[in-house]
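**Student:** Structure of the sequence below:
(one chain, ligands or ions: 2)
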Amino acid sequence: QLIEQKDIVKIGLLGVGSCGEVFKMEHKPSKMTLAMKVMSRTVSDEDNKRIIMDLDVLDKSHNFPHIVRCIGYFIRQTEVWIGMELMACCFDKLLKLIKQPIPESILGKLTYSTVTALNYLKEKQGVMHRDVKPSNILIDENGNIKLCDFGISGVLVESKAKSRKAGCAAYMAPERIGPSVADKPNYDIRADIWSLGIALIELATNAHPYANCQTDFDVMSRIVTEEPPQLPADLSFSDDFRSFVNNCLIKDYQQRPKYGPLMSHPFFVQSTEQPVDVAEWYRVVIAKARQKRAQ
Ligand code: ADP
Ligand code: MG
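**Tutor:** Ligands and ions are numbered 1, 2, ... in the order given. Sure thing, here's the model as predicted:
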């Protein structure tokens, strides 16, 4: 379970995020390639305790099929290194690559995987995610869709920015914006459900609902003042999908459903049961995108 730094070599960069970088690396003893997330951290005892707590959750969740497996980690003076199973792509990169909406049937499977993972984190580990967005939803060559980056990234961003606003503004639920009373969070796991709703619209339309905003402040003002976004009426989606997204994006979080009701929503039930060859779809869209690029 433990990885040692001396045993790993860098192969390349997979991506850069808000709190660090992710590298493709090889673990020499096992010849396994993995994704290594390197995050900087502040050095305080309290931070350390929380990081270890969150890494513990990560560690315990490594067998859940819809959560990216954590292979091992180590904490250094100014960094935390987390070794994860290497996935093929995240949905953020995928959308940019294929430049077209993701079909509803694929989003059904994405919804099934993501909601199941979030519900597992809540029920079995007692944590919420706080940073649900397409770059944290990954796909592998076999068409498995998995969630990554819960807890730990939130803790690091929070301690770094000295605020409780971990997570990306564009996916942030209205209740997470604005002052909290006596530093008590005025939100719960339903904030993650809002983020999923925004991600679903973005992936289903190839356009983020708050895309034309210049700053995080603009985004947050719109989230708080405007009616929640919906799937556009002129595009063809099933009524069940529209209704599911509308449920995720109920502005008053006290009215928004939690995982139980969401998992009995017809869109969720149908997506769970419907056979969809996600791997084949992925293979085809990636091949087409590469072909176009080569031309
Ligand atoms: P963010 O999620 O904010 O984009 P991260 O630092 O979490 O930033 O990740 C950067 C990029 O690294 C992601 O966009 C994703 O494409 C890639 N990545 C992260 N984890 C993995 C993984 N386990 N396998 C493959 N790619 C990954
Ligand atoms: Mg991430």
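
**Student:** show me the contacts for the closest residue to residue 235 other than its chain neighbours.
**Tutor:** Excluding the flanking residues, the one nearest residue 235 by CB to CB, 6 or more residues apart in numbering is residue 205, at 6.7 Å. Quick note: C-beta positions are derived from backbone N, CA and C, even for glycine. Shown in contact with residue 205 (CB atoms under 8 Å, 6 or more residues apart in numbering): 101, 231-232, 235.

**Student:** Which among the residues you listed count as buried?
**Tutor:** 101, 231 (16 or more other CB atoms under 10 Å).

**Student:** what's the closest of the contacts of residue 205 to ligand 2?
**Tutor:** residue 101 (22.2 Å; CB to the ion).

**Student:** Now do the helices in the stretch 1-150 of the chain.
**Tutor:** Along the stretch 1-150 of the chain, counting by DSSP state H, counting those that start in this stretch, helices occupy 45-60, 91-98, 104-125.

**Student:** Of the ones you listed, flag the one that's most buried.
**Tutor:** Using mean count of other CB atoms under 10 Å, the stretch among these with the largest mean neighbour count is helix 104-125, at a mean of 21.

**Student:** which helices and strands sit right next to that helix?
**Tutor:** helix 45-60, strand 137-139, strand 145-147, helix 190-205, helix 239-248, helix 259-263, helix 266-273, helix 278-294 (3 or more CB pairs under 8 Å, 6 or more residues apart in numbering; DSSP states H and E).

**Student:** now those in JSON lines, with mean pLDDT?
**Tutor:** Listed next are the helices and strands packed on helix 104-125 as JSON lines, based on pLDDT from 0 to 100:
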{"stretch": "helix 45-60", "mean pLDDT": "72"}
{"stretch": "strand 137-139", "mean pLDDT": "98"}
{"stretch": "strand 145-147", "mean pLDDT": "97"}
{"stretch": "helix 190-205", "mean pLDDT": "97"}
{"stretch": "helix 239-248", "mean pLDDT": "98"}
{"stretch": "helix 259-263", "mean pLDDT": "98"}
{"stretch": "helix 266-273", "mean pLDDT": "98"}
{"stretch": "helix 278-294", "mean pLDDT": "94"}
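
**Student:** could these go into CSV alongside distance to ligand 1?
**Tutor:** Shown next, in CSV, are the helices and strands packed on helix 104-125 (distance: least, CB to the nearest ligand atom, whole Å):
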stretch, distance to ligand 1
helix 45-60, 12
strand 137-139, 6
strand 145-147, 8
helix 190-205, 12
helix 239-248, 20
helix 259-263, 22
helix 266-273, 24
helix 278-294, 14
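
**Student:** closest to ligand 2 out of these?
**Tutor:** Nearest of the helices and strands packed on helix 104-125 (CB to the ion): strand 137-139, 8.9 Å.

**Student:** Just give me how far the closest one sits from the chain centre.
**Tutor:** 8 Å (CA atoms, centre = their mean, to the nearest Å).

**Student:** which residue does the stretch 1-150 of the chain bring closest to ligand 1?
**Tutor:** Scanning the stretch 1-150 of the chain for the residue nearest ligand 1 gives residue 17, at 1.9 Å (criterion: CB to the nearest ligand atom).

**Student:** Number of residues surrounding that residue?
**Tutor:** 17 (other CB atoms under 10 Å).

**Student:** And for the one 4 residues further on?
**Tutor:** Burial of residue 21, expressed as a neighbour count using other CB under 10 Å, amounts to 14.

**Student:** surely it meets residue 12?
**Tutor:** No: between residue 21 and residue 12 there is no contact, the gap being 11.0 Å when judged by CB atoms under 8 Å.

**Student:** Output the below-cut-off pLDDT ranges for the chain.
**Tutor:** Within the chain, the segments meeting pLDDT under 70 span 1, 42-44, 47-48, 50, 53-54, 62, 151-167, 179-185.

**Student:** Show me what from the stretch 101-250 of the chain comes close to ligand 2.
**Tutor:** In this structure, the stretch 101-250 of the chain approaches ligand 2 at residues 136, 149, judged by CB under 5 Å from the ion.

**Student:** Residues of the stretch 101-250 of the chain that sit close to ligand 1?
**Tutor:** 135-136, 138, 148-149 (CB under 6 Å from any ligand atom).
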